[in-house]
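Participant: coordinates only, sequence not included:
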């Protein structure tokens, strides 16, 4: 049976928590290239043109974050929900880099106005519904939306509340663009069903 | 109203790996609904994660040896024989800082230079010191940073060499860490206690200074 690489990662992490300097050396050697790559990737994704010095600083910031406050982050790792050490390091690295880019005022293109979607040949019924101007109807709509599953509510909030682009909303929800449009269609049907059910029981 | 808590890194990592249970997914979505900042962060993370296929990492280039070395050297240096005779000690007196008798004396300053105080003597909102830690001359400013909390502003008095790290420890454990550049370093929200301020370079201890912030007597 092939050994699980996460077992080795966890053993190194446990060694770091226990104060073993050699474990830290092993941990750094194991993840240094991955962290460096992820910093570069994040910079590329946001067209940030990071210098080698900046990439090195961000790389260092990730490992500082793991050690600060008496190795608080390392101590706190539990592997909940099957999260691997590698995935956890990946998340920390990208997050730190994104935060640094924001502090540099690098514009992270998330909004719909940054990436205009092609105009649909037929009007999107959910777009029309969410753009309702009448306050009474909007209030009614919000009551119906509140009865949707949390992920559907989040989709609506991202697209219509925060005005994120379809690309950004899809990335956040881990679905492709086609699946997002399918969900929108499903949501409009659900809202209509909910409205009809409420009217019937009124 | 949903009691929101920003999702932690493990939860977000599991989310993007598709490992969360349906109930955990709903809980995360509820948290993101309650916090637009978190939701936008998740969108930003997602855009990076889908930017290149996982296999692209295999073709990534090497890391400069100096970058890896720098991370390796973050591990606390072993205790050294560096003399720790220097001690900077203050205590709280009615929301002000006052030097303890057996410690460094603060620099005498004109009354107008100290915020909210009439004279350099007696408890102050700020205390200013100049110390030598190793071969580096530092200006250390202590400032009231809240109830029973002190902020440290540490500035080199000459351009420092590269790769300096300031480490604040208490009971042998690192409490705060910061690179020391020409712009200095700021450590905030330090509660009462005994600390050691260590200056390191590439894993080697250059000097140490004992710090005491005593509670009001």
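Facilitator: The structure has been received and is ready for your questions. As the structure is a prediction and not an experimental result, all values here were calculated from the model. Numbering: from 1, shown residues only, chains lettered A, B, ... in the order given.

Participant: contacting residues around the one residue in chain A that gets nearest to chain B?
Facilitator: Taking CB to the nearest CB, chain B has its nearest neighbour within chain A at residue A:171, 3.1 Å off. Bear in mind the C-beta positions are built from the backbone N, C-alpha and C, glycine included. Shown in contact with residue A:171 (CB atoms under 8 Å, 6 or more residues apart in numbering or on different chains): B:43, B:46, B:47, B:49, B:50.

Participant: Skipping adjacent residues, who's closest to residue 152 in space?
Facilitator: You didn't pick a chain, so chain A it is. Leaving out its chain neighbours, the residue that sits closest to residue A:152 by CB to CB, 6 or more residues apart in numbering or on different chains is residue A:187, at 5.2 Å.

Participant: my bad, chain B
Facilitator: Excluding the flanking residues, the one nearest residue B:152 by CB to CB, 6+ apart is residue B:187, at 4.4 Å.

Participant: tell me, what residue is most central in the chain?
Facilitator: No chain specified, so I'll use chain A. residue A:172 (4.5 Å; CA atoms, centre = their mean).

Participant: I was thinking of chain B, sorry if that wasn't clear
Facilitator: residue B:176 (3.9 Å).

Participant: Now do the SS call for the one residue in chain B that gets nearest to chain A.
Facilitator: Relative to chain A, the nearest point of chain B is residue B:46 (3.1 Å; CB to the nearest CB). On the three-state scheme (DSSP: H, G, I helix; E, B strand; the rest coil), residue B:46 is labelled helix.

Participant: That one is in contact with residue A:164, isn't it?
Facilitator: No. Contact criterion CB atoms under 8 Å: residue B:46 and residue A:164 do not qualify, at 10.4 Å.

Participant: okay, and the common contacts of the two?
Facilitator: With CB under 8 Å, 6+ apart, residue B:46 and residue A:164 have common neighbours residue A:172.

Participant: before we move on, the earlier item: got the contact list for the residue nearest to residue B:152?
Facilitator: B:151, B:152, B:154, B:166, B:168, B:176, B:178.

Participant: Of those residues, keep whichever come out buried.
Facilitator: B:151, B:152, B:154, B:166, B:168, B:176, B:178 (16 or more other CB atoms under 10 Å in any protein chain shown).

Participant: Kindly reformat these as TSV containing pLDDT.
Facilitator: Formatted as TSV, the buried ones among the contacts of residue B:187 follow (pLDDT from 0 to 100):
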residue	pLDDT
B:151	88
B:152	87
B:154	89
B:166	87
B:168	89
B:176	86
B:178	86
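
Participant: Now intersect the residues you listed with the helices, please.
Facilitator: Among the buried ones among the contacts of residue B:187, DSSP state H puts none in helices.

Participant: possible to save the residues you listed as a markdown table with distance to residue B:215?
Facilitator: What follows is the buried ones among the contacts of residue B:187, written out as a markdown table (distance: CB to CB, whole Å):
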| residue | distance to residue B:215 |
| --- | --- |
| B:151 | 17 |
| B:152 | 17 |
| B:154 | 23 |
| B:166 | 24 |
| B:168 | 18 |
| B:176 | 20 |
| B:178 | 25 |
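
Participant: shaky segments in chain B?
Facilitator: For chain B, the stretches with pLDDT under 70 are B:1-4, B:77-87, B:94, B:101-122, B:216-217.

Participant: switch to 50 and redo it
Facilitator: Applying pLDDT under 50 to chain B picks out residues B:1, B:79-84, B:110-120.

Participant: Ignoring the adjacent residues along the chain, who's closest to residue A:186?
Facilitator: residue A:152 (8.0 Å).

Participant: Give the full set of residues in contact with the one you found.
Facilitator: Residues near residue A:152 by CB under 8 Å, 6+ apart: A:183, A:186, A:187, A:190.

Participant: Kindly indicate whether it is helix, strand or coil.
Facilitator: Residue A:152 ends up helix, using three-state DSSP.

Participant: now it: how far from residue B:93?
Facilitator: Using CB to CB, to the nearest Å, residue A:152 is found at 59 Å from residue B:93.

Participant: for chain A, where's the lowest mean pLDDT among helices and strands?
Facilitator: Least confident helix or strand of chain A, by mean pLDDT, DSSP states H and E, is helix A:125-130 with a mean of 69.

Participant: Toward the C-terminus, what is the element adjacent to that helix?
Facilitator: Next in sequence after helix A:125-130, counting helices and strands by DSSP states H and E, comes helix A:135-145.

Participant: give me the number of residues near the residue of chain B closest to chain A?
Facilitator: Neighbour count for residue B:46, taken as other CB atoms under 10 Å in any protein chain shown: 24.

Participant: Which helix or strand contains the residue nearest to it when sequence neighbours are not counted?
Facilitator: Once flanking residues are discounted, residue B:46 sits nearest to residue A:171: 3.1 Å by CB to CB, 6+ apart. Element membership for residue A:171, per DSSP H and E: helix A:166-173.
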